[in-house]
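build me a structure from this.
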Amino acid sequence: MSSASEASTPKRGSLVNDPQIRGIFYQVVLVAVLAFLIYGAAANAIENLRAANIASGFGFLDQAAGFDVNQKLVPYSSSGSTYAEAFLVGLLNTLLVAALGVVFATFLGFAIGIARLSRNWVISRLASIYVEAIRNVPLLLQLFIWYNAVLKPLPGPRQSLDFGAGVYLNNRGLYIPEPLVGATFGWVWISLAIGTVGAFFFRRWARRQQMATGRQYPVGWVGLALIVGLPLVVFFLLGEPLTFNYPALRGFNLAGGIQVFPEFVALLVGLTTYTAAFIAEIVRAGILAVSRGQTEAAHALGLHNSATLRLVVLPQAMRVIIPPLTNQYLNLTKNSSLAVAIGYPDLVQVFMGTVLNQTGQAVEVIAITMAVYLAISLVTSFFMNIYNRRMAIVER
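Here you go, the predicted structure:
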């Protein structure tokens, strides 16, 4: 009896031939190899720092920087500021150009993507030429073109191009009036916040009413009245608590106002136009992914072309557009590190360039810079994923 049961029970194979055991073994070996490589790299870096008499750690951030930065969004001076403050200056400059680039590239990319599908032959061909010409030329070369071939040849301060209203353009940058707010201007900001919140809730209410009854409300006009009209009314009721400091020629240069440096303009224009070319193709592909029957059904209901595009096609196309659009936002932020090539004081130029050269803290500086770009990418992906989930099809 026992011999029969033993014969019916299959023999256990060798552990070497067990796929699960082999998988665990390979993973353990891979982790061990990676740990050894990381340990070796860290030990080698520590030994090199000791040999060069460079102290490791982040204490250097409290030391005096001793260099100036031409564009700064926070108070900073070469005499009293630290390396930590220099890091903040570079970080804010990076965030500024990345945020503006994302906004401008989105609007330009959507416009060009829709123009590529236009029935107007001239508009469609011009949009196609733009996309093919811009996205097939390296971004670094385009930055050099904008900076050296477009902005540098501009006239000097004495021969500045005058656009009126206190706006001047020369080879030292763009000069615009500087707004000087009064003591009561805070109420204008409060009214703007109230109007924005009101427009948001009105839009949600109007959307629910449209889903329930089919009736449409003037969301755009009401939002415009709340966001723009309400602050303007408060502004005039308070006696216009806003003045401007206009730039004026004094000696050999313009003084007063706000100076937008040519490095910033070249970088922003280059990033915007380059990324918009890729966004345009994403938008075009998203629109083409929507069934033509949706457009025909909208026309059958009496919707004109613009309403069909806004209410029917684009909401469905966004489900295809958002994932690759997120990648372009991340690429734009990372591509901003090319600013070092034209002298824009971003995080890489200020922190990984000047600070690293002065302190020699290569490991710490590079680690901080990598962590910053990783954090920016993760935050961007987080919010775009939330928006993507909101736009996803909800199955019943």
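
Gly109 - nearest residue in space that isn't next to it in sequence?
Residue nearest to Gly109 in three dimensions, not counting chain neighbours: Ile279, with 2.7 Å by Cβ to Cβ, 6 or more residues apart in numbering. C-beta: built from backbone N, CA, C; applies to glycine.

strands along the stretch 51-200 of the chain, start to end?
With DSSP state E, counting those that start in this stretch as the criterion, the stretch 51-200 of the chain has strands at 161-164, 167-170, 173-176, 178-181.

helices along the stretch 101-250 of the chain, start to end?
With helices called from DSSP state H, counting those that start in this stretch, the stretch 101-250 of the chain shows them at 121-135, 139-144, 186-213, 219-224, 230-237.

where does the closest residue to Gln216 other than its chain neighbours land on pLDDT?
Once flanking residues are discounted, Gln216 sits nearest to Gln210: 5.7 Å by Cβ to Cβ, 6+ apart. Looking at Gln210, its pLDDT reads 80.

burial measure for Gln210, as a count.
Gln210 has 14 neighbouring residues, counting by other Cβ atoms under 10 Å.

is it true that it touches Arg204?
No. With contact defined as Cβ atoms under 8 Å, Gln210 and Arg204 do not form a contacting pair (10.9 Å).

need the strands of the stretch 51-200 of the chain in a markdown table (columns: distance to Ala115, mean pLDDT and mean neighbour count).
Below are the strands of the stretch 51-200 of the chain laid out as a markdown table (distance: least, Cβ to Cβ, whole Å; pLDDT from 0 to 100; neighbours: other Cβ atoms under 10 Å):
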| stretch | distance to Ala115 | mean pLDDT | mean neighbour count |
| --- | --- | --- | --- |
| strand 161-164 | 27 | 85 | 10 |
| strand 167-170 | 28 | 88 | 19 |
| strand 173-176 | 27 | 88 | 22 |
| strand 178-181 | 34 | 87 | 12 |
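
put together a markdown table for these, with distance to Ala317 on each row.
What follows is the strands of the stretch 51-200 of the chain, written out as a markdown table (distance: least, Cβ to Cβ, whole Å):
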| stretch | distance to Ala317 |
| --- | --- |
| strand 161-164 | 38 |
| strand 167-170 | 38 |
| strand 173-176 | 36 |
| strand 178-181 | 38 |
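
pLDDT on the helix or strand harbouring the residue nearest to Gly109, on average?
Here Ile279 sits within helix 262-289, counting by DSSP states H and E. The pLDDT scores in helix 262-289 average 92.

by how many degrees do that helix and helix 121-135 diverge?
Relative orientation of helix 262-289 versus helix 121-135 (axes from the mean of the first three to the mean of the last three Cα atoms, to 10 degrees): 120 degrees.
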